[in-house]
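A.B. asks: No letters, just coordinates:
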């Protein structure tokens, strides 16, 4: 099974190399292998750049990733990325998130079960503090109760399902929740043990409690079918 890792990016020069390195297999002595597809025939890395003004695209190319261009908007970038690949499984990985070693084997084992259509990884923030540990616990509870991981947990999905549902939902935000909802309608969504180490910068900027409240209200609005643009205006204030 070939796996495509699709990384949407915009001005992520400080993080893109670490993100790419995190998904690569490690050779003898723990040296990271090239992202070049020829070096890793079962793994393809695509960075979908939305017009970065820094060195994001160039650094990704130097690391061996395939770099594509797309209009701004994560949904557009994810859609462009998976359609540019022929891989049987697709991982949507945020540019500020890194995957724990062993993620690939865990994913392959999960998709050996025909009833599993996809899933996500265990959330961990790259910051100390009880507040962040509490958020991680809340996320684990949400995933356990509702089978509803968010995009910062590196959602993965079978290509066959993406084709069946018409691809990544073309919305201005919360495309991850729309996608996971479709996944749950068509099969089992699993939570894998390897962690997705994601940046805590948004929580630092807006405050842990404030971000939690905004996320909770946005989730309730999404469930209620509130217009997506109205949600976007609120959460981006």
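C.D. replies: Arrived safely. Computed from a predicted structure; not experimentally measured. Numbers count the residues shown, from 1 in each chain.
A.B. asks: Let's verify residue 197: helix, strand, or coil?
C.D. replies: Judged by DSSP: H, G, I helix; E, B strand; the rest coil, the three-state class of residue 197 is strand.
A.B. asks: Near it, how many other residues are there?
C.D. replies: 22 (other Cβ atoms under 10 Å). All C-beta atoms are positioned from the backbone trio N, CA, C, and that covers glycine.
A.B. asks: Report the beta-bridge partners for it.
C.D. replies: residue 98, residue 124 (DSSP bridges).
A.B. asks: any idea how far it lies from residue 67?
C.D. replies: Shown here: residue 197 relative to residue 67, a distance of 23 Å by Cβ to Cβ, to the nearest Å.
A.B. asks: how many neighbours does the nearest residue to residue 49 once chain neighbours are set aside have?
C.D. replies: Spatially, and ignoring its direct neighbours in sequence, residue 49 is nearest to residue 57 (4.6 Å; Cβ to Cβ, 6 or more residues apart in numbering). The number of residues packed near residue 57 is 21, by other Cβ under 10 Å.
A.B. asks: Residue 57 against residue 67, yeah?
C.D. replies: Yes - if you go by Cβ atoms under 8 Å, residue 57 and residue 67 touch, sitting 5.1 Å apart.
A.B. asks: In three-state terms, label residue 5 for me.
C.D. replies: Assignment for residue 5 (three-state DSSP): strand.
A.B. asks: looking at the sheet around it, what are its partners?
C.D. replies: residue 45, residue 91.
A.B. asks: ok, now which ones touch it?
C.D. replies: 23, 43, 44, 45, 46, 90, 91, 93 (Cβ atoms under 8 Å, 6 or more residues apart in numbering).
A.B. asks: One more: residue 161?
C.D. replies: 117, 118, 182, 183, 186, 187.
A.B. asks: if you set the cut-off to 10 Å instead, what comes out?
C.D. replies: Counting by Cβ atoms under 10 Å, 6 or more residues apart in numbering, residue 161 makes contact with 89, 90, 117, 118, 179, 182, 183, 185, 186, 187.
A.B. asks: Return the subset of those lying in helices.
C.D. replies: Among the contacts of residue 161, the members found in helices (DSSP state H) are 179, 182, 183, 185, 186.
A.B. asks: ok, these vs residue 206, which is closest?
C.D. replies: Nearest to residue 206 among these: residue 179, at 24.3 Å, using Cβ to Cβ.
A.B. asks: circling back: what sits in contact with each of residue 57 and residue 67?
C.D. replies: Here residue 57 and residue 67 have 9, 47, 48, 49 as joint contacts, going by Cβ under 10 Å, 6+ apart.
A.B. asks: now the first one, nearest residue through space, not along the chain?
C.D. replies: In this case it means residue 9. residue 95 is the one closest to residue 9 (Cβ to Cβ, 6+ apart), at 4.2 Å.
A.B. asks: All the strands of this structure, in order from the start?
C.D. replies: 3-9, 43-49, 66-69, 89-92, 97-99, 116-125, 155-158, 188-198 (DSSP state E).
A.B. asks: out of those strands, nearest to residue 204?
C.D. replies: That would be strand 116-125 among the strands of the chain, by Cβ to Cβ, at 9.8 Å.
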